[in-house]
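Asks: here is the input, now give the coordinates:
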Amino acid sequence: MTIKEDFADAALAAARAVGLTFALVLVGCGGATRDADDAATELEMNGAIPAELEPVANTARTDLARQLGIAPDTVEIVSAETMTWPDSALGCPEPDMMYMQVLSPGVRIVLRANGVEHHYHGAAGRAPFRCPDERREPARKAPRVD
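Replies: This is a model prediction of the structure:
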C-alpha cells in the first residue's frame with residue numbers, strides 16, 4: 001500500500017467518524033425519541049400493552065392509585081411505550097438541576113384516572129415516576145441515520 005492509499009483510507013475513516021458523531025449529537029439533542037420507526041405502538045394499534053411493559057405499567061398504575069387514594073382497577077393504562085430519553089432527566093427535568101447528557105433507554109406510560117391523564121417516565125433499573133405536566137418535555141422522533 002502506498003502513502004497515498006494510506007492517507008485516503010485514513011481520510012475516509014475520519015469522515016465516517018465525524019458523520020457518526022454528528023448523527024449521535026443530533027439524536028442526543030433532539031429530545032426523547034421513540035424506539036419504533038413510526039409512532040404507532042402496539043397499544044395504539046390493537047389496544048394491548050406490550051407484554052414486556054405490563055409489569056412497569058402496573059407498577060405505575062398502583063403508584064398513581066396510592067397517590068390519589070383510589071382503587072388500582074379504576075386507573076386505565078392509556079399507553080405504554082419504550083423511549084430513548086436524551087438525558088438522565090428522563091423527559092421530566094426539575095428546575096435548577098443538571099443532568100448527565102447521555103441517551104437513556106426507558107419507558108413512557110400514560111394513565112387515566114377520574115378523566116385526567118397522568119404521565120409516568122422511567123428507565124432501566126428505576127421504578128417509573130409521575131411526571132407533572134409543568135415539567136414534562138415532549139417526545140420527538142429521532143432523525144433517521146442511514
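Asks: is the nearest residue to residue 133 once chain neighbours are set aside in a bridge, and if so with what?
Replies: Closest residue to residue 133 apart from its sequence neighbours, by Cβ to Cβ, 6 or more residues apart in numbering: residue 119 at 7.5 Å. C-beta: built from backbone N, CA, C; applies to glycine. As for beta bridges, residue 119 partners with residue 110, residue 131 under DSSP bridges.
Asks: for stretch 49-62, give me every contacting residue.
Replies: Residues outside stretch 49-62 that contact it (Cβ atoms under 8 Å, 6 or more residues apart in numbering): 41-43, 72, 75, 77, 80-82, 107, 109, 111, 120, 122, 127-128, 130.
Asks: mind checking how far the residue nearest to residue 133 is from residue 101?
Replies: For residue 119, the distance to residue 101 equals 22 Å [Cβ to Cβ, to the nearest Å].
Asks: between the two, who's got more neighbours?
Replies: A count of neighbours by other Cβ atoms under 10 Å puts residue 119 above the other of residue 119 and residue 101, at 21 against 12.
Asks: hmm, residue 136 and that one touching each other?
Replies: Yes: the pair residue 119 / residue 136 is scored as a contact, 5.6 Å apart, by Cβ atoms under 8 Å.
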